[in-house]
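# no FASTA, just this:
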């Protein structure tokens, strides 16, 4: 049956996901290009003469909200066209045409001329337009070979079922036109919060000429400080007199205004510190010098009517608030990069984020997937056993790794990177860990979430399903239960399929809640007390297609658990972690 969340019922198809798509890099002068586009699917890359259909951008063709709801094969090319009309004020000036995500290969044409080609389906890219016309024809040609081993694909599969889901092809995040001064403008700025020094540090990149660029910092409308960028693009603002660190329980954000001549960009940031601290023979996770247990939900970010694309900002907000109402302080964003507004909501509402890199590679061995949860198998990550044998595939992963970190670096709520999950596309783990560390030394890294541990990274990271949770602390790293649970309950009228995938099945809501209470109180609680367990990630926030192990149904209409009871249990787990750390600290003294 076809499911819908409440959030798509009132959606304006002419202006879906309206407003500026990027709260971290926002100019006031922009046009959101979401909505109806002309469309045709062919088996030729050449620009078509006719576009007989329409598609609703930014929803993938496979989804119901796109208006088309049809599959895509490796032979197909998706052709989009939109006539863009520009306000008179900006005609003759310059602009950046921004695509927040297009899966996988995209060619961008303006008035029939190829302006840009991009590869990779999860990160944004832009096209510079030197002289903007009053009207121009924008055409986008997309090719998506979901099974291609070179590109990140996440949970997308041409044979969806179980833990693999319907593919996402074409434009699946927002498209917008942002107007910039022709003489020069900010391209980007890397922002780092120095917790110990109580500074905000800025490294800007500029296009064309600079005109005494500066950044001004505010906190809740009050001026904090400002700094001009030097000749190296560097600036620093001392916030010691207005020091308000960011944490999930105190989500303090600074507002930023970047100015370079006529160019004005708005942003937000937060200051926080994440540490791996050893006391005795155990390692602990500290945020802002405080012991912090990351009590997380696995969050895959899928929606029945729109796939990887959230139907609205309210839908994103609702999922985050649901997690908080159950007492979770963290979300593990699993094998997906969300629209920027999702991260902004985490920053605003106060939720830590563990961000996975999106996997790819060749088809994974079904034998390894079946055996790894039960047997301590070790396989080499130097060859092709785990799906990354080709040089081309490895180089594309490195590019996507770099671009993913660059895209998400400024987001304070992200505190952990997950490099490889369950061996999917894993290769040269120690080398790739060092590459990721070189891109970002401010966050902790889970190098191998699940299995095929190569003794590298900040975490001893376990996935435990099917059996009681018994943990072993290797005393070298932070202990993380990065996936567990997966208890399922199939509710026929609110499920995607008659099939049910989960790790322990229940038919009764009371028994389901009781089993969860026992799992959290006894097994997770024991892990904290005995082994200094610092992260626990329950699978999962919502049902996804055949997977019905969510705390809420796929259509987000039925909550399966007692939220108040789960909230109280989760609050107790946070307190227990602090007590365990305090005891270890006192013993050290």
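Done, it's in. Everything numeric here is computed off the predicted structure, so don't read it as measured data. Numbers count the residues shown, from 1 in each chain.

# any regions of the stretch 1-150 of the chain where pLDDT drops low?
1 (pLDDT under 70).

# you'd agree residue 145 is up against residue 75?
No: assessed by Cβ atoms under 8 Å, residue 145 is found out of contact with residue 75, at 9.0 Å. For the C-beta atoms, the positions are set from N, CA and C on the backbone; glycine is no exception.

# neighbour count: those two, which is higher?
Between residue 145 and residue 75, residue 145 has the larger neighbour count (other Cβ atoms under 10 Å), namely 18 against 10.

# am I right that the more buried one sits in a strand?
No: counting by DSSP: H, G, I helix; E, B strand; the rest coil, residue 145 falls outside a strand, being coil.

# contact partners for it?
74, 104, 151 (Cβ atoms under 8 Å, 6 or more residues apart in numbering).

# can you tell me which residues contact the second one?
Residues in contact with residue 104 (Cβ under 8 Å, 6+ apart) are 119-121, 142-145, 148, 151.

# from residue 64, how far out is residue 339?
Distance of residue 339 to residue 64, given as Cβ to Cβ, to the nearest Å: 19 Å.

# more neighbours: these two, which one.
Higher neighbour count among residue 339 and residue 64: residue 339, with 24 against 18, using other Cβ under 10 Å.

# residues near the closest residue to the more buried one other than its chain neighbours, how many?
Computed as Cβ to Cβ, 6 or more residues apart in numbering, the closest residue to residue 339 that is not its neighbour in sequence is residue 173, at 5.4 Å. Close neighbours of residue 173, defined as other Cβ under 10 Å, add up to 30.

# now residue 392
Applying other Cβ under 10 Å, we find 9 residues neighbouring residue 392.

# and the host helix or strand of it, what does it pack onto?
Element membership of residue 392, judged by DSSP states H and E, is helix 391-408. Here helix 391-408 is seen to pack against helix 429-439 when contacts are counted using 3 or more Cβ pairs under 8 Å, 6 or more residues apart in numbering; DSSP states H and E.

# neighbouring strands - and their directions - for the following helix or strand past the helix it packs on?
Next helix or strand after helix 429-439 toward the C-terminus (DSSP H and E): strand 444-449. Paired with strand 444-449 in the same sheet, following DSSP bridges, are strand 414-421 (parallel).

# got the buried residues for the strand it pairs with?
Neighbour counts over strand 414-421 (16 or more other Cβ atoms under 10 Å) mark 414-421 as buried.

# ditto for stretch 390-400
393-394, 396-397, 400.

# and that stretch, how far from the chain's centre?
From the chain centre to the centre of stretch 390-400 is a distance of 20 Å (Cα atoms, centre = their mean, to the nearest Å).

# stretch 255-270 now?
Worked out by Cα atoms, centre = their mean, stretch 255-270 lies 24 Å from the chain centre.

# stretch 556-563 too?
Centroid separation for stretch 556-563 versus its chain: 24 Å, with Cα atoms, centre = their mean.

# and if you look at stretch 73-90?
Remark: stretch 73-90 is offset 26 Å from the chain centroid, using Cα atoms, centre = their mean.

# swap in stretch 6-21?
Here the centre of stretch 6-21 is set off from its chain's centre by 20 Å, with Cα atoms, centre = their mean.

# so what touches it?
Contacts for stretch 6-21 (Cβ under 8 Å, 6+ apart): 26-27, 30, 32, 34-36, 56-59, 65, 67, 98, 100, 173-174, 176, 305-306, 309-315, 318, 339-341, 556-557.
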